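S.K.: structure, please.
(chains A, B, C and D)
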Protein chains: 4
Amino acid sequence: MPLRVTVWHEFRHEKKNATVAKIYPKGMHEAIAQHLRKSTDLVIKTATLDEPEHGLTDEVLKNTDVLTWWGHMAHGDVKDEIAAKVAKRVYEGMGLVVLHSGHLSKPFVKLMGTTGFLKWREAGEKERIWVVSPGHPITRGLSSDCIVIDHEEMYGEHFDIPDPDELIFISWFEGGEVFRSGCVWKRGAGKIFYFRPGHETFPSYHHPDVLKVIENGCRYVAPASEVVPFRASCPRIEPSLEPIKTVHVVDESIHRR
Amino acid sequence: MPLRVTVWHEFRHEKKNATVAKIYPKGMHEAIAQHLRKSTDLVIKTATLDEPEHGLTDEVLKNTDVLTWWGHMAHGDVKDEIAAKVAKRVYEGMGLVVLHSGHLSKPFVKLMGTTGFLKWREAGEKERIWVVSPGHPITRGLSSDCIVIDHEEMYGEHFDIPDPDELIFISWFEGGEVFRSGCVWKRGAGKIFYFRPGHETFPSYHHPDVLKVIENGCRYVAPASEVVPFRASCPRIEPSLEPIKTVHVVDESIHRR
Amino acid sequence: MPLRVTVWHEFRHEKKNATVAKIYPKGMHEAIAQHLRKSTDLVIKTATLDEPEHGLTDEVLKNTDVLTWWGHMAHGDVKDEIAAKVAKRVYEGMGLVVLHSGHLSKPFVKLMGTTGFLKWREAGEKERIWVVSPGHPITRGLSSDCIVIDHEEMYGEHFDIPDPDELIFISWFEGGEVFRSGCVWKRGAGKIFYFRPGHETFPSYHHPDVLKVIENGCRYVAPASEVVPFRASCPRIEPSLEPIKTVHVVDESIHRR
Amino acid sequence: MPLRVTVWHEFRHEKKNATVAKIYPKGMHEAIAQHLRKSTDLVIKTATLDEPEHGLTDEVLKNTDVLTWWGHMAHGDVKDEIAAKVAKRVYEGMGLVVLHSGHLSKPFVKLMGTTGFLKWREAGEKERIWVVSPGHPITRGLSSDCIVIDHEEMYGEHFDIPDPDELIFISWFEGGEVFRSGCVWKRGAGKIFYFRPGHETFPSYHHPDVLKVIENGCRYVAPASEVVPFRASCPRIEPSLEPIKTVHVVDESIHRR
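M.R.: Residues are numbered from 1 along each chain as shown, chains lettered A, B, ... in the order given. Predicted structure coming up:
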C-alpha cells in the first residue's frame, strides 16, 4: 500500500525574497516533493498556507499518512482550528515531519507543550550533523555518520523541547554551538520527527543527504496498519472486567481523623 | 530557605455534593494543605477557582515554588490566560503537582501536548499503587512498595500522555485495569508530577501514604537554586563565539541540479 | 528480503516434566517456530542449549537477523562466550526478543546492566496484558487493547530493568500485582524486546495473541538495511575535520591555583 | 547528615608521566578531593587502584554514599569482583560519578550493558560544553550555559551508551565533533552520572566549572533517605494479595489446536 505524504509549506518567502526565489523557484515544498516523488511507493501531495483551509481540508487530512511542515514568517496566519485538526490526526496515528523553523509552528508547539525557543544566527556558517543513533532507519542511505552542510543558519541550545523519545542527530556549528537536530516523539498513536536544516536562503533542500533524511523520516513516522487504535474519547464509563466485591460506605468520621 | 507551595483547588464539588462536603468539610485543598503545614520548611498557601484570577495573581505565581492542582467539573471555567501563566512559570522552573482529574485541566493538557484521555469507572473499588522505581525520593516514608486504597475511582489505560521521563507508580484495580499513576516530566526548567488518587467522593486525601506522596512530590519538583536559567525568549541573534570563515554566495545554478 | 529468525530455546523442562511435555510435545521453541513459519517472509531456524555451541555458531549468529530467547532452569549452563557473542551481534544490529524467564538469562542481564530481579508466584492465576502504546507496530493484529491469559505465572514489580526506551504492555494479575510486560531498549545498533508471558506449565505459546505479539516483536526489532553502521571499535585516533589553531603548553603553575 | 563521597582514582599516569605529575602533583583524585573538601556537608575519602582491594573494601563501600571513578590505562587491572561489588552497591542506591576515560571502566560498562566505545583525538583542542537542560541541579553555580575548556582531548559520537535517562550537557569540539558529555542513568535504586572532561595531560580538574559540576553531580546522584528500598533478591515466592479463584487444569488437547 502506498504511503500518502502531504508536503505542507508556508510558501511566502519565495514570493517576497529574490534570493529564496532563485534557490527554490517553484517553492521549497516542490524541492522536497520532487525528491519524494522518485519513490514509487510514495504518493505525494502539496498544500500551502494561502490555499483555502491552508490546503488541509478534512478530506486531505483524512487521506494523509504523513504530513511535512515548513513555516517561518507567518506562523500566526495558520488558523488555530487547522492546527488543532493536525494535532488530532497525529493523535490518531498520522506521522508529522517538522522542518527547520517549524519549531515555532502552531502544530509543533501544541504537540510538544513547550515554547520551542532556541538560539539562532544567520551567518551562512558550516554545519555538521552527526548521527548519534547508528542503525536507526532514519540514517538509511547516508554516505557517512556526518552530514556536512557548507552554509546554514545556526540553531543553538537550549532548544526548548521535551526530552525526545529518540535523539538521532546532533549538529555542530562553525560558530561554536551545538543543537539536537533530529528528534522523535510519540503523541497519541502518532509519531513526530523534527529535523533541523532548511533555512530559506540556503539550498539545503537540494542537498542529497538532507532530502534522504526527510524521506526516511516520512517512512519512520508513518502509521502502522491494523494496530490497536488510539481511543479518541474520555467520558465513557467502563464496565468492570473483574468482579468488584468491596462495598463502599462513606465514613463520616474520616475528616475528624 | 522554605519551599513555598500553593495548593490550588477547584472547590466546587464540596459546595454542591453532600457526600464530598462530609469527607472534606473545609474543601479537598484544606486536607492537603493541613498535611503540608506540618512541615516547618514548607510555607503553604491555598487558591481556588472562584477567587479573582482564580487566586493566581502574578504576585502569587511569582512567589510560588510549587503549585498543586486539583480540578474536575469546571476545567472550562479556568481562564486561558491563567493557564498560560501557570505554564510559563513551569518553563521558568516552578514545580507543578497535578492530582487525579487534573489530567484534563488546561495547564496539564497544555504542558503535555496530548489529550489526557483515559478510561474511568466509579465503583468504589480497591486500588493498589505499586512502586516501580525503588530508591526514588517520591517514595520516601512509605510503609511498603504498595499503597492500598480501599475505595477509589478507577482510571485505566490507555492514559494519553507523552512517555513520562520517570515512571514511579503503576496502579492495579480490582475491576481488572492498570494505570501509570505516578509520572514525572520536565518542561523548560520546571518539573511536573502527576499523581492519580483523589476522587472527590472518597477520602483518599486523608490517607497517610497518599498525603506523603503529595508532599514528596512537592519537594521533588521544587526548583533548584542558582542553576543555569531557562531562556524565555527566541528572537535574538547570537553573536558568533568562534570565527566563521566560510563566505556564502548564493549559487544560482543550484535549483538546476 | 526475508527476515531470518532464530528461535533459541533451553529445551530442558520438556525432557524432565510431563506437564510441560504434554503442552509442548516438540518443545516450546517449536510452538513459536510453527507460528512464525506461517509467514512466508520469515525464515525460521531453531537452536537449543544442548547443541554444540548451544546451536549458536558464528555462522548461525552471522546469518540471524532476529534471535528469540527462552531460558529458565539452566541459565548457568550458557557459556559466557556465547552470551558475549549474542550481545556483540545485538550491538551490530541483530534484534533480540527475550521471553518470560529469559529476564535472568546471561545475554539479557549483560545487555541491561541490571539484575533482572522481580517477584513471582506460580498459582495459575489470570493475567491481563494491557496496551499502553496504541498505534505501536507490536500491537498489530490484536483483537483488543487487552490480552487475557486465563492461567499464568505471576511476575510482579519491582522488575529491575533500566527504564525502557518504550513501554508497550503492562500486566494486571488476579493476585494483586502489576508488571511492565512489554519493553523495548536499544543497545548499540540493535533493539531488544522483552515480552513477559510463557511459563512452561501453561499453554501461553498456543495463545494466538501471544504468538502474534512475538511475531510483531521480531519484525519490530529487525535491523534496518543500508543504515549508518555501529562502529565496533574504539582505539583509533580521529583526524581533525576542522583546523585546530590552539597551541597547548602545559602551564606548570596550574596546580598552585 | 553529611554525604560520604569516595573519590576513586587509578593513580598510575601521575607516576609514569612527568606532564601529568606536573599538573597533578598529588594525583588527579586529590585535585577533585581538595575541591569537595571545601564543602562542610561532604565527607571525602580517596581510594586508588594499587591499594589492597583497590581501596574499596566492603567496609569502605558500605560507608560510601557516592563513588567517583577515574581510570584509563589500567581498566584491566581492576578485579572483576570489585567491579561487581561497585555495581551491587549502585543497585542498592549508591551514587556513581564516572569521569572521562572511565567510559571503558569495568563498573561503567557493566552497568550500561554497552561497549562505551567513542571516537577520540589528543590535539589539545578547545571544548565547549553546552547546557541542554536548564534548571537542572547539576548546573548549579555555573557562570553561563557554556563551559569553555581551552585544551582537552576530543571525544566524539557515536558514544555507545544506552539512551540516557537525562541528557544535561553536549560538547562542541574545535576539530568538528560533538559529544553527549553529561548523562544520567538509573540502575536499581542508584543513579549514575557520566561527565566527560578530564584527560590526564590537561588541567581540567583545576577548572572551577568542571569541579563545580563534579560536586553537583555527587549531590545529584546521592541516595535519598527512608525510601522504598531496592529488593536485592529474586527467588522468593510471593503470597497472593488478592484471592485467586481460577482453578488451573492442564488441558491436554491444547497442543493439538
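S.K.: got the residues of the stretch 1-150 of chain A near chain C?
M.R.: A:93, A:128, A:131, A:133-137, A:139-142, A:144-146 (CB under 8 Å from any CB of the partner chain). (C-beta placed from N, C-alpha, C; glycine too.)
S.K.: grab the nearest non-local neighbour of A:K85.
M.R.: A:L61 (5.9 Å; CB to CB, 6 or more residues apart in numbering or on different chains).
S.K.: quick check, that neighbour in a helix?
M.R.: Yes. Under DSSP: H, G, I helix; E, B strand; the rest coil, A:L61 falls within a helix.
S.K.: re earlier: closest to chain C out of the residues of the stretch 1-150 of chain A next to chain C?
M.R.: Among these, A:G135 lies closest to chain C (CB to the nearest CB), at 2.6 Å.
S.K.: three-state assignment of the closest one?
M.R.: coil.
S.K.: in its sheet, what does the host helix or strand of A:M154 sit against?
M.R.: Counting by DSSP states H and E, the element that carries A:M154 is strand A:146-156. Under the criterion DSSP bridges, strand A:146-156 sits next to strand A:119-131 (antiparallel) in its sheet.
S.K.: need the contact list for A:E30.
M.R.: The contact partners of A:E30, taken as CB atoms under 8 Å, 6 or more residues apart in numbering or on different chains, are A:24, A:46.
S.K.: got the phi and psi for A:G198?
M.R.: A:G198 adopts backbone torsions of phi 130, psi 40, taken as degrees, to the nearest 10.
S.K.: mind checking how far it is from B:I82?
M.R.: 36 Å (CB to CB, to the nearest Å).
S.K.: what does the stretch 151-257 of chain A have sitting close to chain D?
M.R.: So the stretch 151-257 of chain A meets chain D at A:156-159, A:163, A:166-167, A:170-173, A:176-178, A:180 (CB under 8 Å from any CB).
S.K.: count of neighbours near A:S39?
M.R.: Applying other CB atoms under 10 Å in any protein chain shown, we find 15 residues neighbouring A:S39.
S.K.: please apply the same query to A:V60.
M.R.: 18.
S.K.: check the stretch 1-150 of chain A for the residue nearest chain B and tell me.
M.R.: A:G124 (3.1 Å).
S.K.: surely that residue meets A:F202?
M.R.: Yes. A:G124 is within contact range of A:F202, at 7.1 Å (criterion: CB atoms under 8 Å).
S.K.: so for those two, which residue has more residues nearby?
M.R.: A:F202 (24 against 20).
S.K.: residue contacts, the more buried one?
M.R.: A:23, A:124, A:149, A:151-153, B:248.
S.K.: of those, which is the nearest to chain D?
M.R.: A:I149 (12.8 Å).
S.K.: how about the closest one: what's its closest non-neighbour residue?
M.R.: A:E127 (4.4 Å).
S.K.: just checking, that neighbour touches A:G156?
M.R.: No. A:E127 is beyond contact range of A:G156, at 11.1 Å (criterion: CB under 8 Å).
S.K.: any idea how far the residue of the stretch 1-150 of chain A closest to chain B is from A:G175?
M.R.: For A:G124 relative to A:G175 (CB to CB), the value is 10 Å.
S.K.: quick revisit: so which of the contacts of A:F202 is the closest to C:F117?
M.R.: A:I149 (47.8 Å; CB to CB).
S.K.: so what's that closest one scoring on pLDDT?
M.R.: A:I149 carries a pLDDT value of 97.
S.K.: again, but for A:E238
M.R.: pLDDT, A:E238: 80.
S.K.: which residues touch it?
M.R.: Neighbours of A:E238 in contact, by CB under 8 Å, 6+ apart: B:119-121, B:154, B:156, B:175, B:177.
S.K.: closest one of those residues to chain C?
M.R.: Among those, and counting by CB to the nearest CB, the member closest to chain C is B:E177, at 6.7 Å.
S.K.: does that closest one touch B:E153 like I think?
M.R.: No. Assessed by CB under 8 Å, B:E177 is found out of contact with B:E153, at 11.2 Å.
S.K.: tell me where the stretch 1-150 of chain A has helices.
M.R.: Under the criterion DSSP state H, counting those that start in this stretch, the stretch 1-150 of chain A contains helices at A:13-16, A:18-23, A:28-36, A:58-62, A:80-92, A:106-112.
S.K.: what's the average pLDDT for the fourth one?
M.R.: Averaged across helix A:58-62, the pLDDT comes to 98.
S.K.: quick one: low-confidence parts of chain A?
M.R.: Counting by pLDDT under 70, chain A contains low-confidence ranges at A:235-236, A:246-257.
S.K.: so A:E125 versus A:G156, what's the distance?
M.R.: 11 Å.
S.K.: go on, A:F117?
M.R.: 11 Å.
S.K.: and the two most separated of the residues of the stretch 1-150 of chain A next to chain C?
M.R.: Once CB to CB is applied, the residues of the stretch 1-150 of chain A next to chain C give A:G93 and A:R128 as the farthest pair, at 34.0 Å.
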